[in-house]
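>>> predicted coordinates and the sequence they were generated for:
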Amino acid sequence: MFILALLVVAQSPLFAQEKQPNIIVILADDLGFSDIGTFGSEIKTPNLNKLAKNGLIIKQFYNAGRCCPSRASLLTGLYPHQAGVGDMVQDKGFPAYQGYLNEHCITIGQALKQAGYSTIVSGKWHVGLVPSALAVNRGFDDSFTLQNNGSSYFNSQPLYNDGRKVTFMKGDKEIIRTDTSTYLTQEITNFAISSLEKQRNQQQPFFLYLAYNAPHWPIQALPEDIAKYKGKYLEGWDKLRARRFKKLKETGIIDKNWDLSNRFEKVPDWEKLSAEEKDKWDTRMAIYAAMIDRMDAGIGEILQKVKSLGEEDNTLILFLSDNGGSADEVKNWTYVTQKNGTPGSVTSIDSYESPWGNVSNTPFQLFKKNTHEGGIASPFIAYYPKHIKAGTISNRVSHVMDIFPTLLQYASFEYPATFQGKSLTPLEGIGLKKEFEGQPSDTHEALFWEHEGSKAIRKGDWKAVAENNQPWELYNLAADRTETKNVAKSEPKILQNLIELHQQWSVKVGVEDWNKIK
């Protein structure tokens, strides 16, 4: 009888779930390092703050610098070039830049499906428009995905003047959103909630990839959310950066000895702006803040749904952003449909541009698309009750490609050498499970970046970085992660060693000279 009882327990759903937790990965789009409350922001993000307070923060977590590459890296555990998405979803004529997931990688969805999970994706996909790269063909049972890199938040009418269109997929069916009363962030939340409800009383664990489009441009938000923030940014960007910087130091997320990077060179002096200009800029940031506010509210709805399923204590939740805040000026782009109606509404296409992007990336410099810290540093939170100690802050240098092997560790699933007859590129990411649980963990010997000619390498505390067609810079990130003191001239041997390592990596993953392929 005793042996039989053990067998019954070992085969029960509860036992299986304890061994394989439910998993939710939440990805924000173009959210800067300091844009949520725990990371210094004045924007109201109570649900993310709660996850951070009761979970773990990684202070030095990196993305791949832009939406497509970061998503490819997160989904596959590889450098984006190895997955075929070194740039955007347009084919550049080289394997590393073909613009869609190749046949030598699998997604988290495909891996966890083999491990017995029910798999769900809701939100921005953006790793290829060809059928083989669609979520429904990449391991996701239930999917609602935004295919292109920008969208009206109120409908799916074409955003581009050059023939491209925004595409929404539900499973393998293209759908058109025409109801301007619905808001995309809420639609993404609603689909996830309905999919989670299907998991009620199911024995298999679930994996939800919740990929919000917010707060990517165009900056559009619900009027009631904008009203919460209108007028709160009239003090200007310099004072706001200083306040976020102070809070980041007080919470221990950044070192007290680091300097705040200079205001971006193209950002004007707030005090020299007219009252009309100040009002315009205040409105833009209020809309952006409202987008984050609504995303956090959606995350709260997801958390409540998980609780209602009785799965709160058995669900690992990760949160991060795909790149830093953006300096995009869509008003000046000829291939983006121009709409100049009421700011924040369906009749307006706008962005918050470099002045507020500079605030989002406090304390770092530069933006999305760059490989300076402002482009590649991401806020990161991990939450798993009774497994991750509340209030933990980790200094481990980590990368978005580490998420894939981390989830495999929690699922007790080994990455295969082949899939559907094709050899798989070995994982580049290193699992974070031990780090989450307070144990010594393996680390990367070095990390590498390349995006449209912007390139970087980090090895230990040293980072070499160069924007396209610009000379290499060198920083000691332990003393100066805000990259204010370039020591390239005083440490030529260290710099040369890093450059050579980057060249070797470039050959390995298929990096091409951006000036020849763009």
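Looks like it arrived, so ask away. Numbers count the residues shown, from 1 in each chain.
>>> find the nearest non-adjacent residue to Q110, please.
Nearest-residue entry for Q110: G139, 3.2 Å, with adjacent residues in sequence omitted and distances by C-beta to C-beta, 6 or more residues apart in numbering. To be clear about C-beta, it is placed using only N, CA and C from the backbone, and glycine gets the same treatment.
>>> check which helix or strand covers the one you found.
Per DSSP states H and E: G139 is located in neither a helix nor a strand.
>>> need phi/psi at it.
When read as degrees, to the nearest 10, the backbone of G139 gives phi 100, psi 10.
>>> quick check: it vs E174, distance?
Distance of G139 to E174, computed by C-beta to C-beta, to the nearest Å: 20 Å.
>>> which one of these two has more residues nearby?
The residue with more neighbours, out of G139 and E174, is G139; 21 against 10, by other C-beta atoms under 10 Å.
>>> the more buried one touches G109, doesn't it?
Yes - counting by C-beta atoms under 8 Å, G139 does reach G109; the two are 3.1 Å apart.
>>> now for those two: what residues contact both?
Residues touching both G139 and G109 by C-beta atoms under 8 Å, 6 or more residues apart in numbering: T119.
>>> output the below-cut-off pLDDT ranges for the stretch 1-150 of the chain.
Across the stretch 1-150 of the chain, the ranges flagged by pLDDT under 70 are 1-18, 149-150.
>>> mind listing the strands for it?
In the stretch 1-150 of the chain, strands defined by DSSP state E, counting those that start in this stretch lie at 22-28, 56-58, 61-62, 118-124, 142-146, listed in chain order.
>>> how about the stretch 251-400 of the chain?
Secondary structure of the stretch 251-400 of the chain by DSSP E, counting those that start in this stretch: the strands cover 315-321, 377-378, 381-383, 392-394, 398-399.
>>> would you mind measuring from K489 to G32?
30 Å.
>>> mean neighbour count, the strands of the stretch 251-400 of the chain: which tops it?
Greatest average neighbour count among the strands of the stretch 251-400 of the chain goes to strand 398-399 (a mean of 26), per mean count of other C-beta atoms under 10 Å.
>>> neighbours around I175, how many?
If you count neighbours by other C-beta under 10 Å, I175 ends up with 12.
>>> quick one, phi/psi of it?
Given degrees, to the nearest 10, the pair of backbone angles that I175 has is phi -130, psi 150.
>>> my guess is it contacts F168. True?
Yes - between I175 and F168 there is a contact at 4.9 Å, judged by C-beta under 8 Å.
>>> between those two, which contacts overlap?
With C-beta under 8 Å, 6+ apart, I175 and F168 have common neighbours S156.
>>> how many neighbours does the residue nearest to D179 when sequence neighbours are not counted have?
Counting by C-beta to C-beta, 6+ apart, the nearest residue to D179 once its immediate chain neighbours are dropped is N155, at 6.9 Å. Residues lying near N155 (other C-beta under 10 Å) number 16.
>>> repeat for Q420
Neighbour tally, Q420, other C-beta under 10 Å: 8.
>>> buried residues in the helix of greatest length in the chain?
The residue-count maximum for a helix in the chain (DSSP state H) belongs to helix 275-308. Neighbour-count burial for helix 275-308 flags 278, 281-300, 302-303, 305-306 (criterion: 16 or more other C-beta atoms under 10 Å).
>>> OK, contacts around S195?
Contacts for S195 (C-beta under 8 Å, 6+ apart) come out as I120, S122, D142, L208.
>>> give me phi/psi at it?
Given degrees, to the nearest 10, the pair of backbone angles that S195 has is phi -70, psi -40.
>>> ok, now S423?
Main-chain dihedrals, S423, degrees, to the nearest 10: phi -70, psi 140.
>>> so how far is L134 from the nearest residue to it once chain neighbours are set aside?
In space, and not counting its chain neighbours, S423 is closest to H104: 6.3 Å by C-beta to C-beta, 6+ apart. H104 sits 18 Å away from L134, going by C-beta to C-beta.
>>> out of these two, which sits in the more crowded spot?
More neighbours surround L134 than the other of H104 and L134, with 21 against 17 (other C-beta under 10 Å).
>>> that one against H126, yeah?
No - L134 is not in contact with H126 according to C-beta under 8 Å; the separation is 11.3 Å.
>>> quick one: contacts for S181?
Counting by C-beta under 8 Å, 6+ apart, S181 touches F154.
>>> pLDDT at it, what is it?
Note on S181: pLDDT of 84.
>>> what secondary structure does it sit in?
Here S181 is recorded as coil under DSSP: H, G, I helix; E, B strand; the rest coil.
>>> next, give phi and psi for it.
According to degrees, to the nearest 10, S181 has phi -80, psi -10.
>>> so how far is Y153 from it?
According to C-beta to C-beta, S181 and Y153 sit 12 Å apart.
>>> cool, N190 as well?
14 Å.
>>> who's more crowded, the two?
Remark: of N190 and Y153, Y153 carries more neighbours, 26 against 16, as counted by other C-beta under 10 Å.
>>> mind telling me what element the more buried one is part of?
Assigned by DSSP H and E, Y153 belongs to no helix or strand.
>>> try F207
Using DSSP H and E, F207 falls within strand 206-211.
>>> show me what contacts D313?
Residues near D313 by C-beta under 8 Å, 6+ apart: P385, K386.
>>> do that again at 6 Å, thanks
P385 (C-beta atoms under 6 Å, 6 or more residues apart in numbering).
>>> look at it and report its pLDDT.
97.
>>> do the same with the one 3 residues further on
What the model reports for L316 is a pLDDT of 98.
>>> ok, it touching Y384?
Yes - between L316 and Y384 there is a contact under C-beta atoms under 6 Å: 4.4 Å.
>>> backbone phi and psi for the closest residue to I253 other than its chain neighbours, please?
Spatial nearest neighbour of I253, excluding adjacent residues (C-beta to C-beta, 6+ apart): K59 at 5.4 Å. With angles defined as degrees, to the nearest 10, K59 sits at phi -70, psi -30.
>>> the more surrounded of K489 and G32?
Each of K489 and G32 has its neighbours counted (other C-beta under 10 Å); G32 has more, 34 against 8.
>>> check the gap between the residue lying closest to that one once chain neighbours are set aside and H451 for me.
Once flanking residues are discounted, G32 sits nearest to S360: 2.6 Å by C-beta to C-beta, 6+ apart. According to C-beta to C-beta, S360 and H451 sit 18 Å apart.
>>> and if you look at P158?
Plainly put, P158 is 26 Å away from H451 if you go by C-beta to C-beta.
>>> which one of those two has more residues nearby?
Neighbours were counted for P158 and for H451 using other C-beta under 10 Å; H451 has more, 28 against 14.
>>> ok now do that one, which residues does it touch?
H451 touches G65, R66, counting by C-beta under 6 Å, 6+ apart.
>>> go on, Y79?
E428, V509.
>>> how about 7 Å then?
Y79 is in contact with S73, M401, E428, F448, V509, counting by C-beta atoms under 7 Å, 6 or more residues apart in numbering.
>>> quick check, pLDDT for the nearest residue in space to K19 that is not next to it in sequence.
Distance criterion C-beta to C-beta, 6+ apart; nearest residue to K19, sequence neighbours excluded, is S412 at 6.1 Å. S412 is assigned a pLDDT of 97 by the prediction.
>>> wait, S412 touches P21, no?
No - counting by C-beta atoms under 7 Å, S412 does not reach P21; the two are 10.4 Å apart.
>>> which of these two has more neighbours?
Per other C-beta under 10 Å, whichever of S412 and P21 has more neighbours is P21, with 21 against 10.
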